[in-house]
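Undergrad: Let me see the structure of the following:
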Amino acid sequence: MKELSEEFTITTNLRDCYDNLKMSSVLDLTQEIATHHANILNVGFDDFIVKNYIRVIVRNRFDIVGDIYNLSKVKIKTYPLKNNLMEYPRDYEIYNEKDELIIKGRSIWMVYDFVKKSIATPHLEIYDEGRVGVFNERLKRLPKPIKSSEHYIKDIVVRKSLLDHNMHLNNSHCVDLFLDLFNPDKETKIKSFHVEYVSQCYLNDRLSVYKYHNLNNFYIYIYKDDELKIYFEVITN
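TA: Residues are numbered from 1 along each chain as shown. As a prediction, this is how the structure comes out:
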């Protein structure tokens, strides 16, 4: 079962104030089906923890290719691709009730050995050989931002409500800062978003938030002191 499809109900809380599917909801839903599929493939949390492994996500990119307004249900298809050295890619296709593709994306995972405190590269035969996926090329890392005081916005503190079950900052929450910091209007349509997770954030970490934009490309990056933690790009119409 190297491909999995599931249907999800889109509740009000999964939409933004303009009734579009939120970026954080895309990350939540795709992580949910990825977790379910990993369990089916015997590479889930319980399977890995006994080997001293945990899966960590390092990169997400999603392209909005259809209408995401006022959705009530979506179908998500997911499948892993062949690993590229330390990177384990997983692709997603999201369809509306008319079975039209509206979002396509990829997440990049790595496997961390928490005893050896290093990246592991287990051999996982969980993919269909030769499958290309939603992007023709490898999903490369976004260029790292240059820290600039003129882009500084505010500090935030990681509270318990923002943690996942690994006691790290949940990776989906940060993208909603786009709505808060750039205040897009109803006519603004997101075409793509790309998130880089550099290192984990923990309870009570004080994080500094920076933003800047260039035409329709918007950037947010987050530091703890001088250590870059998370940064992402949002491209609009």
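Undergrad: only C-alpha atoms for contact and neighbour calcs from this point on.
TA: Will do.
Undergrad: any idea of the mean pLDDT in stretch 187-204?
TA: Stretch 187-204 shows a mean pLDDT of 96.
Undergrad: just stretch 16-31 next, same as before
TA: Stretch 16-31 comes out at a mean pLDDT of 97.
Undergrad: Pull the residues that contact that stretch.
TA: For stretch 16-31, contacts defined as CA atoms under 8 Å, 6 or more residues apart in numbering pick out 8, 12, 14-15, 68-71, 76, 92, 171-176, 186, 193.
Undergrad: So which residues of this structure form helices?
TA: With DSSP state H as the criterion, the chain has helices at 23-40, 45-49, 177-182.
Undergrad: Go through the last one and flag the buried ones.
TA: Yep, that's helix 177-182 we're talking about. residue 178 (16 or more other CA atoms under 10 Å).
Undergrad: Kindly format the C-alpha coordinates of that helix as CSV.
TA: Extracted in CSV, the C-alpha atoms of helix 177-182 (Å, rounded to 0.1, in the frame of the first residue of the first chain):
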residue,chain,number,x,y,z
LEU,A,177,2.1,34.6,10.9
PHE,A,178,1.7,35.6,7.2
LEU,A,179,-1.9,36.6,7.9
ASP,A,180,-0.9,38.5,11.0
LEU,A,181,2.2,40.3,9.8
PHE,A,182,1.2,41.1,6.2
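Undergrad: next one: that helix to chain centre, how far?
TA: A distance of 17 Å separates the centroid of the chain from that of helix 177-182, by CA atoms, centre = their mean, to the nearest Å.
Undergrad: just the longest one next, same as before
TA: On the basis of CA atoms, centre = their mean, helix 23-40 sits 9 Å off its chain's mean C-alpha point.
Undergrad: Nearest to residue 133 among the helices of the chain would be which one?
TA: Of all those, helix 23-40 sits nearest to residue 133, with 15.1 Å by CA to CA.
Undergrad: List the buried residues for that closest one?
TA: Residues of helix 23-40 classed as buried: 23-31, 33-34, 37-38 (neighbour count, 16+ other CA under 10 Å).
Undergrad: Is it possible to get a markdown table of the helices of the chain that adds distance to residue 158?
TA: Listed next are those as a markdown table, based on distance: least, CA to CA, whole Å:
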| stretch | distance to residue 158 |
| --- | --- |
| helix 23-40 | 17 |
| helix 45-49 | 24 |
| helix 177-182 | 14 |
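Undergrad: For residue 58, find the nearest of these.
TA: Of these, nearest to residue 58 by CA to CA is helix 23-40, at 12.7 Å.
Undergrad: number of nearby residues for residue 62?
TA: Residue 62 has 23 neighbouring residues, counting by other CA atoms under 10 Å.
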